[in-house]
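Novice: just to be clear, the model below is a prediction. Sequence and coordinates:
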Protein chains: 2
Amino acid sequence: MTTSVNKTVHPFDKGRLEALLNRRFFYAPAFEIYGGVAGLYDYGPPGSSLQANIIAEWRKHFIIEEHMLELDTTIMTPAPVFETSGHVARFADWMVKDTKTGDVLRADHLVKNVLEARLAGDKEARGQAAAPPTDDKKKKKKAAKGAAVKLADEVAAEYETILAQLDNYSGADLGELCRKHDLRNPDTDNEVGEPQLFNLMFASSIGPTGQHPGYLRPETAQGHFLNFSRLLEFNNGRVPFASAQIGRSFRNEISPRAGLLRVREFTMAEIEHYVDPDDKKHERFGEVRDVKLVLLDRHIQESGKNTTTEMTVGEAVDKGIIANETLGYFVARIHQFLVKIGINPQRLRFRQHMANEMAHYATDCWDAEIHNSTGWTECVGCADRAAYDLTVHSNKTGHPLVVRQALKEPIVTEKEVPEWNKKALGKTYKQDAGVIQKIVDSMDQEGLVKLKGQLAQGKAVITSSEGKEFEVTPEVLTIELKTLKQSIREFTPNVIEPSFGLGRILYTLLEHSFWSREKDVERGVLSLPPVVAPTKVLIVPLSAREEFDPLVKEVSSKLRKAGVFSRVDDSNTSIGKRYARNDELGTPFGVTLDFASVQNRTMTLRERDTMDQRIGSIDEVIAVVTDLVFGNITWEEACTRLPAYDGVQAIE
Amino acid sequence: MTTSVNKTVHPFDKGRLEALLNRRFFYAPAFEIYGGVAGLYDYGPPGSSLQANIIAEWRKHFIIEEHMLELDTTIMTPAPVFETSGHVARFADWMVKDTKTGDVLRADHLVKNVLEARLAGDKEARGQAAAPPTDDKKKKKKAAKGAAVKLADEVAAEYETILAQLDNYSGADLGELCRKHDLRNPDTDNEVGEPQLFNLMFASSIGPTGQHPGYLRPETAQGHFLNFSRLLEFNNGRVPFASAQIGRSFRNEISPRAGLLRVREFTMAEIEHYVDPDDKKHERFGEVRDVKLVLLDRHIQESGKNTTTEMTVGEAVDKGIIANETLGYFVARIHQFLVKIGINPQRLRFRQHMANEMAHYATDCWDAEIHNSTGWTECVGCADRAAYDLTVHSNKTGHPLVVRQALKEPIVTEKEVPEWNKKALGKTYKQDAGVIQKIVDSMDQEGLVKLKGQLAQGKAVITSSEGKEFEVTPEVLTIELKTLKQSIREFTPNVIEPSFGLGRILYTLLEHSFWSREKDVERGVLSLPPVVAPTKVLIVPLSAREEFDPLVKEVSSKLRKAGVFSRVDDSNTSIGKRYARNDELGTPFGVTLDFASVQNRTMTLRERDTMDQRIGSIDEVIAVVTDLVFGNITWEEACTRLPAYDGVQAIE
């Protein structure tokens, strides 16, 4: 829907948005009346609906559209699974302790916050606008505190380079940075100790004896991999196919402070797409080839820069920037999904992981990063996990996690094969017979060819690893070239994994949707697209008087039949105030029932962003609003079907 | 849909059902390739869909129908919340340890299993059919082992009484039972020790310092209660209203052995309905008054019996068997929901909790119990939690969790009120002035009336708690009758809680739906109602040949537009086999595309239970099957719209 409304008159105000989200109970700190716990949030009614709608659209866009196999696996996981997957050893962040208070900070965040604050101070000292890169209040204060300090040009440049490469540093590197640049805990100005690894999994124990350690999964992925054989069988043994799961995961973040962007418990939606490692083409790549993407590749970042390039996914794959078609296909589908639910494509980019940054299981990874008031935030990861997971679990358990594919054309190979005259062998060599056979059977093709040549001469000498020599004759051993047919190919599939953090997507979507009315900055609006808006249509009777009841019920029931989710607001306040409240809830359309409705069966229709009002018969308006909600028509088209309304209600 | 198919020719065979569920990956033990963990299960594609469909119907039946406020709160919960709620102290089961092996058993399950085995043995010894009350294989064996032992009549009667009251015993009682009746660990025949409490919550720790203990929630309820003030505000300050949440909960069961019926991680759907404690009437009770229920009340059980009574919910409330209309309303709505998704109403009863059995927070509780091969299983609890939770959290945090209701008519009361002449009081009594004022201000109405009488006589004597006497005159103190107006009523609402264990409902539904074809016991069918069936329509082209592709796409797309979820099965096997596979998956309808479809645009429609086949034009069949899926027509009605098909495909 296009509108002529200017949504950028007022600069984005995070405080105002947060107040709105809190007031309307989109979400709130969990256990708030107990003082809350950092990194844990509860979603209220509009937040729950928004999340449910995003999930429903995700299910349509990915699971149904691509016939993925949905799973629902457990969160509680016995320790051996994560020992095998590598999470017990490596799923960790570097933390540093304040040497005096013992407060714990995440090492990379400390480096980032202090350097950004110093750079902001430098800019101010140079008389440039002090625009700290984030709007977090505490950081602003600190930037302001150190505001006057100008840095040497080469120091400022060094800081910029460090920040661009931050995700690439090891623990030792971070410790070195803290010492070299005297980076201290900003809250206390105390020095910090050496970085130590902190495992991010929540630990527990299963059963009454306390003998079975378990972890809460930090991702849903392992639940897919462990069920691979069953999924493959369900899919009649064929690849490629994908499994998908939407569920809760947990990460015991060191010190979460960024609202929904860094939390300890979150809902993920993950796809594991299993593909032949020798053929990562994708059947439907042609459908997305022309999707334009903004890319930030590994090499640019490793050179200390942040320059993005725009190109089609087809071009990116052709040039080898994105490794293969399947990875490219999912990157494009992720882009399409995010834009469909309302993410601003101008604030969306795909960033490739640098070598040291990559998770231990990945061979390539592109993050969908969405820009918001704190900077660029990873919201979706799209990794090529290669055969890592299936291989380690298979090795550990002895359970084959492979695809067995009947070859259309059997592979025919020729091979020299030793043939023994067992009787003669035993008779001639007695207790050495076994040793001799072992030596020959373990020879490679080259050795066998050589031996065959010697035997053709009448006899050959075989030497054991201890240096003992045996003479063998063609009577005992012959070597023949045989034709072998292989009709089954067995392989471990590679896994392409698009992994969505729904809370981060939800929060950035709220930021992208928020603006204030030109005439009144206090009147916030969430321009959520109908597809995800918690309520699609608000039904507003002029008052709660009984005479409107039959019409309210009629409209409500007709909308329900049309599959449109509506709510009635008959609270005892003005129509304008009721609409204003629902602008904050992101409700895209409203219909008003008044005395004219009772007399003439007419109804007005209001569009949230423009506040434009149209009028028509009740049934006409229901038909138009249904088309609008399902995206069949734009508001401009709706206006051609319904005349403008210029009654008194238009005054808000 | 009624059919004339006889589904009870073959007796229910749990082994056969379990093999089907495993083969078709409805669910499977989690971490199976690692040897599994008791009480943890993963849902595969059909199990996930079935669960998602049950949830979708639940959302419609409860949340949307009753305008409930949906929530999504965190699983990880800081310890103080469960200390306050009472779960740290009391959410526990009694466990006993095998005195030799140290194996841990749940005490009540031990009593139940051993006594039931002995009773089964007794029946066999008396020459009655040895029908153990459950079909668990191990138990069968044990019953068989002790089969020959006849019990004295009074012993058998005592065992029956114990079993009927089992949920009512304390830990000490259970220990006493083990000693008195020599109940031993059936696996080892060793004695067991004294019952000890084992807390069922999974423990963990939040944050990097290990100083903040947390638990995984054992129910979603606390997340509702802690957000009560926000929910109330969202509802414009009015009660009654309900919050609802669907999500994962965890219970560290002592030794779970009963498949999906007793697990350590499960999905719940919980409603908290907040109601005025002085008015537990329900606006819509009239709509359910005539719903017939099978009830097993507290008194019957406490008398050691198991006799159920059938009556309407209206009658049950009128007679005081169910405490109030709101509780009754939800019991009836639960009944309607379970029957709608396919639970056999003949195998559904509501059992009231006995006094000792009730959870620590409940004042009354009715369980929806569903009969299955292991006996009667609690699948939904419907408890009146009174004001317990809101009160304890409010007391602990100091945050008021109350409703403030403007009274339509202010409550007017008359009260004697002391009025002091402060100046005279200070002058006359000096340092005693404060003491005197305190004594009078803390008097009740009776004391004040008496004092007023004395003052009317000219003077009164006031005695302090230490026995000191003071004389006061009307100059210092007068007592006047005043009229007071109270226009706000403040109260803590009561909470009615319907709480659904979705895994248990799903499993019992699968048992109720399972049967085998009369002619071939190997051909299992799941007669899931269309509303919850994972796939509604199977599209079966005669073969995977290209000429069927356009029709398959057309039918598939037309069904999707009609909102009907279909799947194509073009695998390389006979149509009969493909239908048989989908009978096992519970797919209610199938359409076949063959050469006649290509030539004449006709299509056959098959009904799962009867295997009846009808024929019509593609569009007619789509219209009919859409009506069938949405429950607008029965199969009998469909048959009047489409003629029978007697082609070769009918042979399965």
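Specialist: That came in fine, so what should we check first?
Novice: quick one: the helices in the stretch 501-650 of chain A?
Specialist: Along the stretch 501-650 of chain A, counting by DSSP state H, counting those that start in this stretch, helices occupy A:502-513, A:549-561, A:575-584, A:595-600, A:618-629, A:635-641.
Novice: longest helix in chain A, please.
Specialist: When chain A is parsed with DSSP state H, its longest helix is helix A:107-125.
Novice: circling back to that earlier point, nearest to residue B:30, of the helices of the stretch 501-650 of chain A?
Specialist: helix A:502-513 (22.9 Å; C-beta to C-beta). Yep, even glycine has a C-beta here, placed from its N, CA and C like the rest.
Novice: which secondary element of chain A has the worst mean pLDDT?
Specialist: helix A:137-145 (a mean of 46; mean pLDDT, DSSP states H and E).
Novice: ok so, going back, let's have the helices of the stretch 501-650 of chain A in a markdown table, adding mean neighbour count and mean pLDDT.
Specialist: Formatted as a markdown table, the helices of the stretch 501-650 of chain A follow (neighbours: other C-beta atoms under 10 Å in any protein chain shown; pLDDT from 0 to 100):
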| stretch | mean neighbour count | mean pLDDT |
| --- | --- | --- |
| helix A:502-513 | 23 | 98 |
| helix A:549-561 | 15 | 92 |
| helix A:575-584 | 19 | 94 |
| helix A:595-600 | 14 | 92 |
| helix A:618-629 | 20 | 97 |
| helix A:635-641 | 15 | 96 |
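Novice: quick one, which of those is nearest to residue B:306?
Specialist: Among the helices of the stretch 501-650 of chain A, the nearest to residue B:306 by C-beta to C-beta is helix A:549-561 (43.3 Å).
Novice: and the angle for that closest one with helix A:618-629?
Specialist: Between helix A:549-561 and helix A:618-629, the angle comes out at 40 degrees (axes from the mean of the first three to the mean of the last three C-alpha atoms, to 10 degrees).
Novice: could you dump helix A:549-561 to CSV, C-alpha only?
Specialist: The C-alpha coordinates for helix A:549-561 follow below in CSV (Å, rounded to 0.1, in the frame of the first residue of the first chain):
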residue,chain,number,x,y,z
ASP,A,549,-25.5,-4.2,19.0
PRO,A,550,-27.2,-6.0,16.0
LEU,A,551,-25.0,-4.2,13.5
VAL,A,552,-21.8,-4.8,15.5
LYS,A,553,-22.7,-8.5,15.6
GLU,A,554,-23.5,-8.6,11.9
VAL,A,555,-20.3,-6.9,10.8
SER,A,556,-18.2,-8.9,13.2
SER,A,557,-19.7,-12.2,12.1
LYS,A,558,-19.4,-11.3,8.4
LEU,A,559,-15.8,-10.4,8.8
ARG,A,560,-15.1,-13.7,10.7
LYS,A,561,-16.7,-15.6,7.8
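Novice: which helices and strands sit right next to it?
Specialist: On a contact count with 3 or more C-beta pairs under 8 Å, 6 or more residues apart in numbering or on different chains; DSSP states H and E, helix A:549-561 meets strand A:537-541, strand A:566-568, strand A:589-593, helix A:618-629.
Novice: any chance of these in a markdown table, plus distance to residue B:304?
Specialist: Rendered in a markdown table, the data for the helices and strands packed on helix A:549-561 read as follows (distance: least, C-beta to C-beta, whole Å):
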| stretch | distance to residue B:304 |
| --- | --- |
| strand A:537-541 | 56 |
| strand A:566-568 | 51 |
| strand A:589-593 | 60 |
| helix A:618-629 | 59 |
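Novice: count the neighbours of the closest residue to chain B within the stretch 501-650 of chain A for me.
Specialist: Sorted by distance to chain B under C-beta to the nearest C-beta, the residues of the stretch 501-650 of chain A start with residue A:571, at 5.6 Å. Number of residues near residue A:571 (other C-beta atoms under 10 Å in any protein chain shown) recorded here: 13.
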